[in-house]
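Peer 1: My questions concern the predicted model and sequence given below.
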Amino acid sequence: MTRARWPWAALPLLALGVAVTARHARRLPRRIPPPGPVLPLPDGPTHTLLIGPPTAPPLLLIHGSDGVTLDWPLCPLWPLLDGAYLIAPDRPGHGYTPARPGTPVTLELNVRRLTQLLDHLNVPQVTVLGHSYGAAVALALAARHPERVSALVLIAPLSHPARGLTRPLAFVPLVPGLEALLTRALLLPVGRVVARIEGRRAFHPYPVPPMWHTLMLAFSRRRAQVHALAGENRTLSRELAALQPHYPALTVPVTVLAGRQDRLSPPTQHADLLTRLLPDATQLDLPGGGHQLHWTHPHEVAGAVRAALGVASRSSGPPDA
């Protein structure tokens, strides 16, 4: 299906969702109240999970493009991150952090919001754990503000411009007159299908955890989340092309975790290229891993985080095979 034709073919199905979307979207905040404080930052309120003593080594967790920060406490990695001060915000337009109307959600916007968050919390420097698009944000943060980053741990990073049309949703805002219809209608009938398909691609070759699917489906029905996702994917390749020349100048230690079965950010197009460009990078290849390594390989990710933090683990359990 070409870029020009795909939205029109979907119109009959999309129209079915318009009447019921608003009612379901309004019910979501009551179903899943924000578990963390909503902090008043200069660019807008920002929902953030804050776990652990503020005197512990700080770890900033940045979720991916499809995700929300609730993904972190639900995954098996979370209990393995003991000994750190966990700072896990919802990025602009995701979860319970609104994006300003008319403001594109870009890497630069994310970096600005994160520096405001660190300033608000009086945290001068952090180790950063970024997943997928969140890894791109982490790289941009280290490039713009190297003094704020002590180390990077990148899970399935998106680091280089994409080849071709990877996600039709990214081009929704480019279709005049269809943006409002599509972003509302996607929330239910198509949103359900997209969540299922994207979940299978993300967790391949593992099954999708029901808890993850329920969470992602709930938030993918929100219009703000659809707008943020579309905006991020529409501009990401251009932003990564501009960011790529800065990689050789990043002197912070970087650990790159790459699942060789990753279908969303194939290592041959991202992690492998990134590691070769960074002056102080270590790559951990997981032959059976996919895109969601914090769910499927939590011990490997936790080991990389602990090494970056210099924190000994108090958690038990053997590493995953």
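Peer 2: Perfect, thanks for sending it. In this text, all values refer to a predicted model and were calculated from it rather than measured experimentally.
Peer 1: what's residue 297 in contact with, if anything?
Peer 2: Counting by C-beta atoms under 8 Å, 6 or more residues apart in numbering, residue 297 touches 257, 259, 286, 289, 320. Placement of C-beta: from N, CA and C, glycine included.
Peer 1: Among those residues, name the buried ones.
Peer 2: The neighbour count (16 or more other C-beta atoms under 10 Å) marks 257, 259, 286, 289 as buried among the contacts of residue 297.
Peer 1: The first one looks like it's in a helix, true?
Peer 2: No. Assigned with DSSP: H, G, I helix; E, B strand; the rest coil, residue 257 falls outside any helix and is strand.
Peer 1: List the beta-bridge partners for it.
Peer 2: residue 155, residue 284 (DSSP bridges).
Peer 1: Can you show me the strands along this structure?
Peer 2: Counting by DSSP state E, the segments of the chain that form strands are 38-41, 44-51, 58-62, 85-89, 126-131, 149-155, 254-259, 281-286.
Peer 1: Let's have those strands in JSON lines, adding mean pLDDT and distance to residue 272.
Peer 2: Output for the strands of the chain, formatted as JSON lines (pLDDT from 0 to 100; distance: least, C-beta to C-beta, whole Å):
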{"stretch": "strand 38-41", "mean pLDDT": "98", "distance to residue 272": "36"}
{"stretch": "strand 44-51", "mean pLDDT": "97", "distance to residue 272": "32"}
{"stretch": "strand 58-62", "mean pLDDT": "99", "distance to residue 272": "21"}
{"stretch": "strand 85-89", "mean pLDDT": "99", "distance to residue 272": "28"}
{"stretch": "strand 126-131", "mean pLDDT": "98", "distance to residue 272": "17"}
{"stretch": "strand 149-155", "mean pLDDT": "98", "distance to residue 272": "13"}
{"stretch": "strand 254-259", "mean pLDDT": "98", "distance to residue 272": "7"}
{"stretch": "strand 281-286", "mean pLDDT": "98", "distance to residue 272": "7"}
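Peer 1: buried stuff in stretch 79-96?
Peer 2: Across stretch 79-96, burial judged by 16+ other C-beta under 10 Å covers 80-96.
Peer 1: To clarify, my last question referred to stretch 276-289.
Peer 2: Across stretch 276-289, burial judged by 16+ other C-beta under 10 Å covers 277, 278, 281, 283, 284, 286, 289.
Peer 1: Residues in contact with that stretch: which ones?
Peer 2: Under the criterion C-beta under 8 Å, 6+ apart, residues 205, 244, 247-248, 250-262, 267, 271-272, 274-275, 293, 296-297, 300, 304, 321 lie in contact with stretch 276-289.
Peer 1: What's the PyMOL syntax to select whichever of those are buried?
Peer 2: In PyMOL, a selection of the buried entries from those looks like this (16+ other C-beta under 10 Å):
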select buried, resi 244+247+250+252+253+254+255+256+257+258+259+261+262+267+271+272+274+275+293+296+297+300+304
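Peer 1: Now the residue positioned nearest the centre of the chain: closest residue in space that isn't a chain neighbour?
Peer 2: Centroid-nearest residue in the chain, with C-alpha atoms, centre = their mean: residue 64, separated by 0.9 Å. The shortest distance from residue 64 to any non-neighbouring residue, by C-beta to C-beta, 6 or more residues apart in numbering, is to residue 132 (3.4 Å).
Peer 1: Which residues are in contact with the one you found?
Peer 2: 64, 65, 67, 155, 156, 157, 158, 264, 265, 291.
Peer 1: Roughly how far does it sit from residue 272?
Peer 2: For residue 132, the distance to residue 272 (C-beta to C-beta, to the nearest Å) stands at 16 Å.
Peer 1: Just name the shakiest helix or strand of this protein by mean pLDDT.
Peer 2: helix 6-9 (a mean of 35; mean pLDDT, DSSP states H and E).
Peer 1: Low-confidence bits of the chain, can you list those?
Peer 2: For the chain, applying pLDDT under 70 flags the ranges 1-32, 163-195, 220-221, 311-321.
Peer 1: out of the strands of the chain, nearest to residue 112?
Peer 2: Nearest to residue 112 among those is strand 38-41 (9.4 Å), distances taken as C-beta to C-beta.
Peer 1: quick one: strands adjacent to that closest one?
Peer 2: Strand 38-41 pairs in its sheet with strand 44-51 (antiparallel), by DSSP bridges.
Peer 1: what's the angle between the partner strand and strand 85-89?
Peer 2: Put simply, strand 44-51 runs at 150 degrees to strand 85-89, going by axes from the mean of the first three to the mean of the last three C-alpha atoms, to 10 degrees.
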